[in-house]
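Novice: Next one to model:
(one chain, ligands or ions: 1)
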Amino acid sequence: MVQATFSSEDWQRGYESLRTEQAYWIDDVEGQIPAELEGTLFRNGPGQLDVNGEKFGHPFDGDGMICAIAFQNSRAHFSNQFVKTPEFLAEKKAGKILYRGVFGTQKSGGWLSNIFDLKNKNVANTSVVYQGGKLLALWEAALPYGLDPKSLDTLGLETFGGKLNAGQVFTAHPRRDDRTGDLWGFGVQPGPKSTISIYKVNDRGELSTESQVKVSGFCFLHDFAYTPNYRIFMQNPVSFNPLPFVMGFSTAGECIELKPNAPSQFLIIDREGNLTTIETDPCFVFHHCNAYEEGDEIILDSVCYPDYPKLEPNTDFRNVDFNKVIAGQLYRFTINLKLGKVKRELILERSCEFPVVHPRCVGQKYRYAYIGAIAQSSGNAPLQAIAKINFETGKEEFHSFAPRGFISEPIFVPRDRHADNAEDDGWVLVLVFDATHNRSDLVVLDAQNISAKPIATLHLKHHVPYGLHGSFTHEVF
Ligand code: CO
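Specialist: Residues are numbered from 1 along each chain as shown. The predicted structure follows:
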């Protein structure tokens with residue numbers, strides 16, 4: 001057995017709710033914030049993991065909280081605010097959980113109080129993106145919430161001028177094509193036949209629908225990959241049996257299962273809305289890293305799990321045994337569109353999640369990815385390190401924050417977004433929960449030398465609960 005790189009008590013503390021909303025200059029800084037680092041890092045994640053002490057059953061059910069860290073003139077300013085959804089405000093007023101969560105939260109009172117209550121709460125907690133003057137808090141099973149990028153005040157559900165209606169959904173994983181400035185996204189209406197809508201939001205924040213494609217079976221699509229000519233999904237072979245959910249025994253997320261031995265399918269939609277389906281070995285994917293086209297092939301890098309990380313009812317995620325948690329590993333798929341064949345190779349063996357690339361490389365051939373990883377070389381554990389992968393040489397470099405640091409998704413920021421500099425000329429920004437001081441740090445790593453001492457470590461005055469996704473804009477708010 002591998003020596004653990006962490007203590008469970010340390011890790012669990014990163015899941016305590018943050019109750020306060022603050023705005024302050026970060027004055028406690030080790031090292032030097034680079035003068036060229038200018039812009040705003042937005043992060044989203046469950047900031048509140050209980051209502052008045054009544055705990056949510058799964059971190060994905062926690063209420064979305066936006067953090068903004070703005071950089072200018074070698075200084076940084078922190079602010080945070082919860083997304084003030086009507087559900088968040090109602091639960092705050094009531095002092096108890098009023099809604100069922102998709103992943104693991106039931107109202108108290110057992111199945112009698114949950115039966116036939118199909119209302120889920122839009123927790124707006126999964127990602128945050130700035131596009132065309134709009135700051136959007138994203139959650140994949142509903143519309144985004146619009147926020148004021150300066151104050152982080154909640155403006156309301158974003159329908160894109162009525163182009164989408166309240167029953168429709170917009171992904172938490174849009175991809176921006178850096179060459180056009182368009183943000184690409186999708187929405188899934190699940191059913192026996194699911195409909196995938198492909199959306200484009202231009203640099204003025206206007207939404208248009210590129211195509212709508214019907215696919216057979218229940219679709220659970222968290223993410224997609226984008227290339228200039230293709231939008232690529234992996235349909236994991238999951239089944240959804242809604243009966244326990246409708247009857248109140250289980251949450252919706254607990255009703256999802258991977259069909260044993262059923263192949264996964266790539267759903268590849270071209271710009272005209274034509275669908276190509278190509279089978280591959282069974283696996284489950286939450287996150288794709290990136291994709292690009294090369295002749296008749298699409299090269300796609302994704303974090304793959306051998307099974308769906310199933311949610312067991314009535315267990316506390318804080319007490320998870322990491323030795324029993326299945327590990328995600330980074331794979332490269334080479335999809336030949338002419339032959340309808342897929343080749344798969346392992347890139348990073350170590351358990352990892354949250355891959356990111358240089359913004360200009362989205363959909364383009366690329367060399368480097370940055371990804372959260374465990375600090376030990378095998379087994380499973382919380383993410384405590386950042387890995388840099390060189391796809392051309394196979395070189396792996398790590399920056400570990402173990403034993404008492406726990407990381408969130410890294411974000412790569414180019415030093416000069418207008419210049420055609422080296423692909424790794426820039427910084428990796430990462431929020432790290434430091435259990436020693438019970439606070440979070442914003443760490444700035446040199447992307448060309450990520451294992452070196454951080455360029456700057458900005459100590460916040462408090463912790464930030466483990467987040468999900470975020471993004472960087474070169475505008476300073
Ligand atoms: Co995600």
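Novice: I'd like the distance from stretch 349-363 to the chain centre, please.
Specialist: With CA atoms, centre = their mean, to the nearest Å as the basis, stretch 349-363 stands 11 Å off its chain's centre.
Novice: Distance check, residue 74 against residue 354.
Specialist: Taking CB to CB, to the nearest Å as the measure, residue 74 falls 27 Å from residue 354. (Each C-beta comes from the backbone N, C-alpha and C, glycine too.)
Novice: neighbour count winner among the two?
Specialist: For residue 74 versus residue 354, neighbours defined as other CB atoms under 10 Å are more numerous around residue 354 (24 against 14).
Novice: quick one: average pLDDT of the helix or strand where the more buried one lies?
Specialist: For residue 354, the element it lies in under DSSP states H and E is strand 352-356. When pLDDT is averaged along strand 352-356, the result is 97.
Novice: what's the answer for stretch 383-396, then?
Specialist: Here the average pLDDT along stretch 383-396 is 97.
Novice: Using PDB, list the CA coordinates for it.
Specialist: What follows is stretch 383-396 as a C-alpha-only set of coordinates in PDB (Å, rounded to 0.1, in the frame of the first residue of the first chain):
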ATOM      1  CA  LEU A 383      -5.700  16.300  -5.800                       C
ATOM      2  CA  GLN A 384      -2.600  17.900  -4.200                       C
ATOM      3  CA  ALA A 385      -0.400  18.600  -7.200                       C
ATOM      4  CA  ILE A 386      -0.300  20.300 -10.600                       C
ATOM      5  CA  ALA A 387       1.000  18.300 -13.500                       C
ATOM      6  CA  LYS A 388       2.300  19.700 -16.800                       C
ATOM      7  CA  ILE A 389       2.200  17.300 -19.700                       C
ATOM      8  CA  ASN A 390       4.300  17.600 -22.900                       C
ATOM      9  CA  PHE A 391       2.400  15.600 -25.500                       C
ATOM     10  CA  GLU A 392       5.300  15.700 -27.900                       C
ATOM     11  CA  THR A 393       8.000  14.400 -25.600                       C
ATOM     12  CA  GLY A 394       5.800  12.600 -23.000                       C
ATOM     13  CA  LYS A 395       7.600  14.600 -20.300                       C
ATOM     14  CA  GLU A 396       5.600  15.000 -17.100                       C
END
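Novice: those strands in the stretch 101-250 of the chain, which residues are they?
Specialist: 127-131, 134-138, 145-147, 154-157, 175-177, 182-189, 193-201, 207-216, 225-226, 230-235, 238-240 (DSSP state E, counting those that start in this stretch).
Novice: Which stretches in the chain count as helices?
Specialist: For the chain, the helices defined by DSSP state H cover 8-13, 86-94, 110-114, 243-247.
Novice: buried residues in the first one?
Specialist: Read that as helix 8-13. Using 16 or more other CB atoms under 10 Å as the test for burial, helix 8-13 gives 10-13.
Novice: Centre of the chain to it, how far?
Specialist: Here helix 8-13 is found 22 Å from its chain centre; the criterion is CA atoms, centre = their mean.
Novice: quick one: low-confidence parts of the stretch 251-400 of the chain?
Specialist: Low-confidence segments of the stretch 251-400 of the chain, defined by pLDDT under 70: 251-256, 258, 309-315.
Novice: my bad, the stretch 101-250 of the chain
Specialist: 102-120, 239-250.
Novice: Show me what the strand holding residue 354 is packed against.
Specialist: Judged by 3 or more CB pairs under 8 Å, 6 or more residues apart in numbering; DSSP states H and E, strand 352-356 is in contact with strand 284-294, strand 297-305, strand 329-336, strand 368-373.
Novice: Report the angle between it and strand 329-336.
Specialist: If you take axes from the mean of the first three to the mean of the last three CA atoms, to 10 degrees, strand 352-356 sits at 60 degrees to strand 329-336.
Novice: What strands flank strand 352-356, and is each parallel or antiparallel?
Specialist: Strand 352-356 has the following strand partners under DSSP bridges: strand 368-373 (antiparallel).
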